[in-house]
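Participant: A structural model of the following input is requested.
(one chain, ligands or ions: 2)
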Amino acid sequence: MNEQGKAGGGWTHAADQIKVATGGRGAGPGKPRFKLRTLMVAPLVLGAAVAFATRSAGTVVHDTDGEAITLQAGHPSLAKWRLPSEPPSPDNNAPTADRVALGKMLFFDPRLSRDGNMSCATCHNPMFGWSDGLPVARGFRSEALARATPTVVNTGYNPIQMWDGRKATLEDQAMGPMEAAQEMNMNLPALFKWLNQNGAYREAFQKAYPGQAIDSGTLSKAIAAYERTVVSRDSPFDRWVAGDTTALTPQQVRGFGVFIDPNKGNCSVCHSGANFTDNGFHNLGLASWGENNPDMGRFTQKPIARMKGAFKTPTVREAARTAPYFHDGSAATLADVVEHYAKGGVVKDNLSPNMKALDLTTEEKAALVEFMQALSSPHTAVELPRLPN
Ligand code: HEC
Ligand code: HEC
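Facilitator: Ligands and ions are numbered 1, 2, ... in the order given. As a prediction, the model looks like this:
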């Protein structure tokens, strides 16, 4: 497991990191001593040359992996941003239709909570990008929890779960919120008894896991199988990677360039690969880290000094829908997130070596935000399951 981003960390400052292959802004209509006819034709010719260069060559950026990436729809150098079509499943929990259907019922069923009013979807709500729109989650009887609700979109692609990485798989994770007194606060023996007495649930479990009991094993497997279907891989960005030249605006393409450029945004040093996470842990120097008794994050699971105040890199897919941001909900908008990075963090104690003040223009910051907007899939309605009486 990569605990602090790329091995060796650090930025690369080599002057030859960026090669821009477009004609560029310097191209003008020529010097005054040119004849009138030249003056009239030159801009057209140059304009066409620039347009051709942009279309046929595309800007080349050397990204945070040191690879030459051509910012052009469908270019082979974009291959590492193609998500596999399905998240991997454990051998004993292949995602059959019956398992997914059962898991969906369970995910949306508030009767899995003590008060009968809180389901997984209360906090992981599809209307808020499978989060809750709150700075920190509200748990049992609406008490505020310590951390923000992360989206469950694409968590199936990640080998580690939770802000502090205390769970590995979705199966490991699923019983936690039901058992937690601060969350669904459920009495599990009572829950299994009720599910067994419910004819429709009993039948659904039998179809999904024939011959197996209704227990935390099958319950968590069914929920995990459903979660693996909550994926985002049809965003404008995905379509651009696949070759659709019209899927991104030129500003969004520039924003992607800023995102992956170590001398600009340096974002992909942590938000790497097709799911935009290195599954590592980093201290971003949030203001809350400077308070008394701050949340120690990954350090609570892995007591090594550089993990103090470090949290898991979340995906930025669907982030446009999951405001507010960060584990403490301290950034209201994506523009606020970008400003935090531009400053290089607020509290410098134990700060990740990859957090440095950024040299970004107003236009580059705006382009970054626009690029992140392009990581949202079309908003499709989620068909709610019919819950058995
Ligand atoms: C009260 C709100 C709440 C409820 C209810 C809830 N969650 Fe969560 N969920 C959270 C919070 C908050 C976290 C992050 C906690 C942490 O990392 O310490 C989280 C984390 C997760 C994660 C890890 C995501 C990641 O990227 O690391 C998964 C998966 C998840 N929940 C699934 C579920 C499932 C399945 C249920 C129902 C059985 C559920 N949650 C119920 C608030 C909730
Ligand atoms: C040093 C690694 C690192 C770098 C560099 C980095 N991020 Fe992050 N990013 C993280 C981590 C870790 C978090 C969660 C931190 C927390 O909540 O304490 C995060 C959170 C975010 C979030 C909020 C997501 C959510 O669900 O709350 C967004 C959006 C984001 N980053 C975008 C960016 C952009 C844009 C850049 C470049 C300007 C960038 N990141 C650079 C590691 C990094």
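Participant: is ligand 1 within reach of stretch 194-206?
Facilitator: No: applying C-beta under 6 Å from any ligand atom, one finds stretch 194-206 separated from ligand 1 by no less than 13.4 Å. (C-beta placed from N, C-alpha, C; glycine too.)
Participant: for the residue lying closest to Leu358 once chain neighbours are set aside, give me its contacts.
Facilitator: Among residues not flanking Leu358 along the chain, Ala342 sits closest, at 4.8 Å (C-beta to C-beta, 6 or more residues apart in numbering). By C-beta atoms under 8 Å, 6 or more residues apart in numbering, the contact set of Ala342 is 357-358, 360, 365.
Participant: got a ChimeraX select line for the buried ones in those residues?
Facilitator: Buried residues within these, by 16 or more other C-beta atoms under 10 Å, are selected in ChimeraX with:
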select :358,360,365
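Participant: of the contacts of Ala342, closest to Thr246?
Facilitator: Closest approach to Thr246 among the contacts of Ala342 (C-beta to C-beta): Lys365, at 24.5 Å.
Participant: and that closest one, what does it touch?
Facilitator: Lys365 neighbours (C-beta under 8 Å, 6+ apart): 335, 338-339, 342.
Participant: quick check: the most centrally placed residue in the chain vs Pro303, distance?
Facilitator: The chain has Thr315 as the residue nearest its centroid, 1.6 Å off, counting by C-alpha atoms, centre = their mean. Distance of Thr315 to Pro303, computed by C-beta to C-beta, to the nearest Å: 27 Å.
Participant: close to ligand 2: what parts of this protein are there?
Facilitator: 5, 150, 265-267, 269-271, 282, 284, 286, 311, 313-314, 316, 319, 322, 325-327, 334, 337-338, 341, 352, 354-355, 368.
Participant: within reach of ligand 1, which of those are there?
Facilitator: Applying C-beta under 6 Å from any ligand atom to these, those adjacent to ligand 1 are Pro150.
Participant: which of the residues of the chain next to ligand 2 fall within strands?
Facilitator: Residues of those located in strands (DSSP state E): 282, 311.
Participant: filter the residues of the chain next to ligand 2 down to just the ones in helices.
Facilitator: 334, 337-338, 341, 368 (DSSP state H).
Participant: nearest to ligand 1 among the residues you listed?
Facilitator: The closest of those to ligand 1 turns out to be Val337 (C-beta to the nearest ligand atom; 16.8 Å).
Participant: name the residues of the stretch 151-300 of the chain found near ligand 1, please.
Facilitator: Counting by C-beta under 6 Å from any ligand atom, the stretch 151-300 of the chain sits next to ligand 1 at 152, 155, 161-164, 170, 173-174, 177-178, 183-184, 223.
Participant: same check, this time on the stretch 1-150 of the chain
Facilitator: 118, 120, 122-124, 137, 139, 145, 147, 149-150.
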